[in-house]
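K.L.:
task: produce atomic coordinates for the following.
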Amino acid sequence: MIKSATFTLMLLASLDLASAVRCPNGPDVLPATGVNFDQCQFKTVMCCWDTKVRQDGSLTKQADNTDVCSVDGNTAGFQGKAEGPIHCHGFTWSDESPKQIQDLLHFVNQTDHFCKRGYFHGVGGKPDCGCIENMPLVSRSDCTQLNGQGKNGKSKFTACKAGKGNDLKAQVQATDPNNPVITQKINLVGRCPRGQAAAGGTAKTPKAVQTAPATPPDVAVGAGGASSQPQTVAPDAGAGATANAGAQGQTAPDAGAGTPA
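P.N.:
Sure, this is the predicted structure:
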């Protein structure tokens, strides 16, 4: 959604981004994004953004690749496409190392979307990124997966290959068909039912599992502490695009949206 000029200046100043728009010194100048992966019950992280900042600091619309159904069961402001353009992108894992998972998050949220595209600011009071059970209920999300390591030892990435490609739900299903994200439609529903938050009511959570509390807006909590900086950016590239974590000039794996950034 487009914010006022006054809001823009206040937001950029409060996040100390006035001199860091488009990460002129590279993505690593920003603090590492933190999500406590041990608290992600379904081994899936999703990021959703409602704002894009241009290189000159002005705000504009980002590529729209999803439909927001509700936030914490609240559908107000989300009927149809009332929420405006929203972009979601995530990843899932099985036996990847903590460092590989952190590399994925750093690439998706900072390098690929904040530094290259200018995407930031979470939806409906949610953080930019978080465990999927704590994020908004949406129709779909783009997806990135690991693609080995480069000669420098840094992780490489590509758009998810499962299903038709670049689709988080398909990748979760391919990784673990019994994942509640699939069996109970945890915040990825395919299509938003009208007049209700989700099929059967609000976003579903396994009854035997209690979700972690939502993270405050634009604050991602992790082992390295809290970061108040939004992170995201990168030009939408093809599904086969790859990139090295933390390296400048990385290629974005956003292929499924079909909408230019």
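K.L.:
buried sites along the strand ranked longest in the chain?
P.N.:
In the chain, assigned by DSSP state E, the strand with the most residues is strand 142-149. By 16 or more other C-beta atoms under 10 Å, the buried positions in strand 142-149 come out as Asp142, Cys143, Thr144, Gln145, Leu146, Asn147. In this view, the C-beta of every residue, glycine as well, is placed from N, C-alpha and C.
K.L.:
hmm, the fourth one is touching Gly165, no?
P.N.:
Okay, so that is Gln145. No. With contact defined as C-beta atoms under 8 Å, Gln145 does not reach Gly165; the gap is 10.3 Å.
K.L.:
residues that sit against both of those two, list them.
P.N.:
Ala159 (C-beta atoms under 8 Å, 6 or more residues apart in numbering).
K.L.:
my guess is Arg143 contacts Asp167. True?
P.N.:
Heads up, residue 143 is Cys, not Arg. Yes. Applying C-beta under 8 Å as the test, Cys143 and Asp167 come out as touching, 5.8 Å apart.
K.L.:
so how far is Thr111 from Lys154?
P.N.:
Distance, Lys154 to Thr111, by C-beta to C-beta, to the nearest Å: 11 Å.
K.L.:
who's more crowded, those two?
P.N.:
Neighbours per residue (other C-beta atoms under 10 Å) separate Lys154 from Thr111, with Thr111 holding more: 29 against 14.
K.L.:
mind listing what's buried in the helix or strand that contains Ile182?
P.N.:
Per DSSP states H and E: Ile182 is located in helix 180-183. By neighbour count on 16+ other C-beta under 10 Å, the buried set for helix 180-183 is Pro180, Val181, Ile182.
K.L.:
next: stretch 79-99.
P.N.:
Glu83, Pro85, Ile86, His87, Cys88, His89, Gly90, Phe91, Thr92, Trp93, Glu96.
K.L.:
likewise stretch 157-170?
P.N.:
Going by 16+ other C-beta under 10 Å, stretch 157-170 has these buried residues: Phe157, Thr158, Ala159, Cys160, Lys161, Ala162, Gly165, Asn166, Asp167, Leu168, Lys169, Ala170.
K.L.:
now do the same end-to-end measure for stretch 54-62.
P.N.:
Its start and end residues considered, stretch 54-62 measures 10 Å (C-alpha to C-alpha, to the nearest Å).
K.L.:
brain fart, stretch 140-160
P.N.:
This stretch, stretch 140-160, spans 13 Å end to end (C-alpha to C-alpha).
K.L.:
quick revisit: return the longest strand of the chain as CSV; C-alpha atoms alone will do.
P.N.:
Provided in CSV are the C-alpha atoms of strand 142-149 (Å, rounded to 0.1, in the frame of the first residue of the first chain):
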residue,chain,number,x,y,z
ASP,A,142,6.8,-17.8,-4.0
CYS,A,143,9.6,-20.0,-2.9
THR,A,144,13.4,-20.4,-2.8
GLN,A,145,15.5,-23.5,-2.1
LEU,A,146,19.2,-24.2,-1.7
ASN,A,147,21.2,-25.0,-4.8
GLY,A,148,24.5,-26.3,-3.5
GLN,A,149,27.5,-24.2,-2.7
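K.L.:
before we move on, back to that, okay, the buried residues of strand 142-149 in CSV with pLDDT next?
P.N.:
Shown next, in CSV, are these (pLDDT from 0 to 100):
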residue, pLDDT
Asp142, 97
Cys143, 98
Thr144, 97
Gln145, 96
Leu146, 94
Asn147, 92
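K.L.:
between those residues, which sits nearest His106?
P.N.:
Nearest to His106 out of those is Thr144 (C-beta to C-beta; 11.2 Å).
K.L.:
coming back round to it: could you dump the helix holding Ile182 to PDB, C-alpha only?
P.N.:
This file holds the C-alpha atoms of helix 180-183, laid out as PDB (Å, rounded to 0.1, in the frame of the first residue of the first chain):
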ATOM      1  CA  PRO A 180       0.300 -29.600   8.800                       C
ATOM      2  CA  VAL A 181       0.900 -26.700   6.400                       C
ATOM      3  CA  ILE A 182      -0.500 -29.100   3.800                       C
ATOM      4  CA  THR A 183      -2.900 -31.300   5.800                       C
END
